[in-house]
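Peer 1: Below: sequence and its predicted model.
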2 protein chains.
Amino acid sequence: MLKIGEFSKLSHLTVKALRFYEKKGLLIPKTVDEWTGYRFYETRQLEDAAKIKAYRQLDLSIDEIKAVMDGGDIKAVFAKKARDLQSQREEIDVRLSIIKTILEDESMKYQVTVKEIPSAIVYYAETTLEKYSDAMEFIPKCGEECRKLNPNLKCTNPPYEFCEYLDGEYKETNIRIRHSEAVEKTGKESELIKFREIPAAKVLSILHKGAYEQIGEAYAFIMKYADDNGYKVAGLARECYIDGIWNKQSVEDWLTEIQLPVE
Amino acid sequence: MLKIGEFSKLSHLTVKALRFYEKKGLLIPKTVDEWTGYRFYETRQLEDAAKIKAYRQLDLSIDEIKAVMDGGDIKAVFAKKARDLQSQREEIDVRLSIIKTILEDESMKYQVTVKEIPSAIVYYAETTLEKYSDAMEFIPKCGEECRKLNPNLKCTNPPYEFCEYLDGEYKETNIRIRHSEAVEKTGKESELIKFREIPAAKVLSILHKGAYEQIGEAYAFIMKYADDNGYKVAGLARECYIDGIWNKQSVEDWLTEIQLPVE
DNA sequence: CTTGACTCTCCCCTTAGGGTATGCTCTAAA
DNA sequence: TTTAGAGCATACCCTAAGGGGAGAGTCAAG
């Protein structure tokens, strides 16, 4: 019979771990002295200890190990574990790729985050602008018309409002855009205003600070980022206006989010 | 000014996380109402929130993020993180390879564990055996001679005792073996008994249960395992006798550990 | 008989927040 | 104006797999 310290050295499990495994019902000492509480192990328990250690090194949880040792479906547990590990590996690959981009480009100007956008009901309106700055008139007009059509319809709080550029390419004039804003439910439509439900989406998101003249950089950045890191673009980018002329005087405080649907 | 729930929705960080980040000093709300305790954020803090979220998605810890945001050495942090991720990836690859082996071979007879063996002082003796079973006489003889030479020399507790087979190949007769046993310090040597310090080593370990006739299987298994999973053999295998004829009558209870130094 | 090495139990600590309970605050409808 | 419901606050406990340490009991050797 081996005291815990001896068994620990033979099994290369720490004393702490052995006591923990006993508490979890995974490896019970053969006998426990009733008076002193000392644990005593047998050499044949080294087999179980080795099993436990081997499984832990494969990153199985205590519960998984217990399932396996109690005669559970070993193949199923390992197959599941293999899938887990595979997806962990893929996540790590994405991170490494991103970090490599950061280290190479040193372009810390934009931080890209991945977000899950829930589905929402929006009203939307499409038009062709002569120049970008005309959007500043078009967007409020849409809001007004929608409220006129549906006086009791409320926007979500916080608001979710964005523009998409329907032309595949960059244009200086005759720009087709669609403006959408999330509302609580559908309502009456008109020539200009339509309703639809936009599905939930996974997007890459970056924030652009400052004037709209430089927003092209942000688009270029996020497109390259998606390309470099294995994301597949799955829709038109959404431009969300957070701060702008309507609430901030200084152009430097303007804030725009660009969301690029992926996968 | 945004209440925490609004800011949460805009930043896609949970309210819990925002409060947590405040506690950690990572993202402090612009103002906190003195009477109600309500937190108020500014839209421009969305930038910091995005940064934090991006960094968290790269698996940086809160402290690492704080270091980066406080103007720490960004490159160093990311380079370190990249190394971390790379080694995580390698670990996962090893695990996947092992699990694949298990799923394919369904050979759950042996569990392989990785152990770090600390360095130790041993006495050792080499000889050529006519047949394997002669070891049962040779080993006790070594112990006796060593004790005769060094009456006060004590073995370690628990004991660490092993044989190495010096012939590169399997032989039925004229087997060169070396027997070693860990002791507390060096002592007087003789023709047979020498002392040396064996360095710390990383070993693959399996337990063989039962008679020695089948131990060849165990060797074959561990060698193939090392090969399959990218370990490089770095020395002679050590055969450690845990239970045997000296303390167990039934052959089925005999227990032998095989340690294969790697890397 | 004493000393030092082991062992016991009990409690707190780690990460990055999640869940829940209880109570206060705000807002919009009645 | 009141009130219901949503939003916010703090505070406590929880996670996985042990690690660290305190305080007290046990064991073996000198």
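Peer 2: Cool, got the structure. Residues are numbered from 1 along each chain as shown, chains lettered A, B, ... in the order given.
Peer 1: what pairs with A:Lys3 across the strands?
Peer 2: In this entry, A:Lys3 is beta-bridged to A:Phe40, by DSSP bridges.
Peer 1: For it, give me its contacts.
Peer 2: Shown in contact with A:Lys3 (Cβ atoms under 8 Å, 6 or more residues apart in numbering or on different chains): A:Tyr38, A:Arg39, A:Phe40, A:Tyr41. All C-beta atoms are positioned from the backbone trio N, CA, C, and that covers glycine.
Peer 1: List buried residues within the residues you listed.
Peer 2: For those, a neighbour count by 16 or more other Cβ atoms under 10 Å in any protein chain shown gives the buried set as A:Arg39, A:Phe40, A:Tyr41.
Peer 1: can you put the contacts of A:Lys3 in CSV and add distance to A:Leu260 and pLDDT?
Peer 2: Rendered in CSV, the data for the contacts of A:Lys3 read as follows (distance: Cβ to Cβ, whole Å; pLDDT from 0 to 100):
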residue, distance to A:Leu260, pLDDT
A:Tyr38, 63, 97
A:Arg39, 59, 97
A:Phe40, 63, 97
A:Tyr41, 58, 96
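Peer 1: and which of those is nearest DNA strand D?
Peer 2: For DNA strand D, the nearest member of these is A:Tyr38. The distance, counting by Cβ to the nearest atom of the strand, is 6.3 Å.
Peer 1: Pull the contacting residues for the closest one.
Peer 2: Residues in contact with A:Tyr38, defined by Cβ under 8 Å, 6+ apart, are A:Lys3, A:Ile4, A:Val32.
Peer 1: Throw those into TSV and include distance to B:Glu130 and pLDDT, thanks.
Peer 2: Below are the contacts of A:Tyr38 laid out as TSV (distance: Cβ to Cβ, whole Å; pLDDT from 0 to 100):
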residue	distance to B:Glu130	pLDDT
A:Lys3	39	95
A:Ile4	42	96
A:Val32	47	96
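Peer 1: between those, which is nearest DNA strand C?
Peer 2: Proximity of the contacts of A:Tyr38 to DNA strand C (Cβ to the nearest atom of the strand) peaks at A:Lys3, which lies at 3.4 Å.
Peer 1: and the gap between the closest one and B:Cys240?
Peer 2: Taking Cβ to Cβ, to the nearest Å as the measure, A:Lys3 and B:Cys240 are separated by 19 Å.
Peer 1: Repeat that for A:Leu96.
Peer 2: 40 Å.
Peer 1: okay, now A:Thr113: neighbour count?
Peer 2: Using other Cβ atoms under 10 Å in any protein chain shown, A:Thr113 is surrounded by 21 other residues.
Peer 1: Hmm, it is touching A:Val203, no?
Peer 2: No - judged on Cβ atoms under 8 Å, A:Thr113 makes no contact with A:Val203 at a distance of 9.1 Å.
Peer 1: Please, which helix or strand holds A:Asp48?
Peer 2: Of the helices and strands defined by DSSP states H and E, A:Asp48 is found in helix A:45-57.
Peer 1: Tell me which residues of the helix or strand just after that helix come out buried.
Peer 2: Scanning forward in sequence from helix A:45-57, with DSSP H and E defining helices and strands, the next element found is helix A:62-69. Judged by neighbour count (16+ other Cβ under 10 Å), helix A:62-69 contains these buried residues: A:Ile62, A:Glu64, A:Ile65, A:Lys66, A:Ala67, A:Val68.
Peer 1: Confirm for me that the first one is in contact with A:Lys23.
Peer 2: No - under the criterion of Cβ under 8 Å, A:Ile62 is not in contact with A:Lys23, lying 10.0 Å apart.
Peer 1: so how far is B:Ser119 from A:Phe221?
Peer 2: If you measure A:Phe221 against B:Ser119 using Cβ to Cβ, the figure is 54 Å.
Peer 1: which one of those two has more residues nearby?
Peer 2: When neighbours are counted by other Cβ under 10 Å, A:Phe221 comes out ahead of the other of A:Phe221 and B:Ser119, with 18 against 11.
Peer 1: Can I take it that that one is in a helix?
Peer 2: Yes - the assignment for A:Phe221 (DSSP: H, G, I helix; E, B strand; the rest coil) places it in a helix.
Peer 1: Quick check: A:Val122 is in a strand.
Peer 2: Yes - using three-state DSSP, the secondary structure at A:Val122 is a strand.
Peer 1: Compute the number of surrounding residues for the nearest residue to it once chain neighbours are set aside.
Peer 2: Using Cβ to Cβ, 6 or more residues apart in numbering or on different chains and skipping the chain neighbours, the partner closest in space to A:Val122 is A:Ser180 (4.2 Å). Using other Cβ under 10 Å, the number of residues around A:Ser180 comes to 23.
Peer 1: Next, give phi and psi for A:Ser180.
Peer 2: Listed backbone geometry of A:Ser180 is phi -130, psi 150, with angles given as degrees, to the nearest 10.
Peer 1: From what I see, it and A:Glu161 are in contact.
Peer 2: Yes - contact between A:Ser180 and A:Glu161 holds when scored by Cβ under 8 Å: they sit 7.1 Å apart.
Peer 1: For the nearest residue to A:Ala120 once chain neighbours are set aside, grab phi and psi.
Peer 2: Nearest residue to A:Ala120, sequence neighbours excluded (Cβ to Cβ, 6+ apart): A:Ala182, at 4.3 Å. For A:Ala182, the backbone dihedrals (degrees, to the nearest 10) come out as phi -70, psi 130.
Peer 1: Tell me the pLDDT of A:Ala182.
Peer 2: A:Ala182 carries a pLDDT score of 89 in this model.
Peer 1: Tally up the residues packed near it, please.
Peer 2: Residue crowding around A:Ala182 was assessed by other Cβ under 10 Å; the count is 19.
Peer 1: can you check the one 4 residues further on too?
Peer 2: As a burial measure, the neighbour count of A:Thr186 was computed by other Cβ under 10 Å and equals 15.
Peer 1: now do A:Arg176
Peer 2: 13.
Peer 1: part of a strand, is it?
Peer 2: Yes - counting by three-state DSSP, one finds A:Arg176 located in a strand.
Peer 1: how near is it to A:Cys163?
Peer 2: For A:Arg176, the distance to A:Cys163 equals 11 Å [Cβ to Cβ].
Peer 1: for A:Val15, same thing?
Peer 2: Here A:Val15 is placed at a distance of 64 Å from A:Cys163 (Cβ to Cβ).
Peer 1: So which of those two has more stuff around it?
Peer 2: In this view A:Val15 and A:Cys163 are compared by other Cβ under 10 Å, and A:Cys163 has more residues nearby, 20 against 14.
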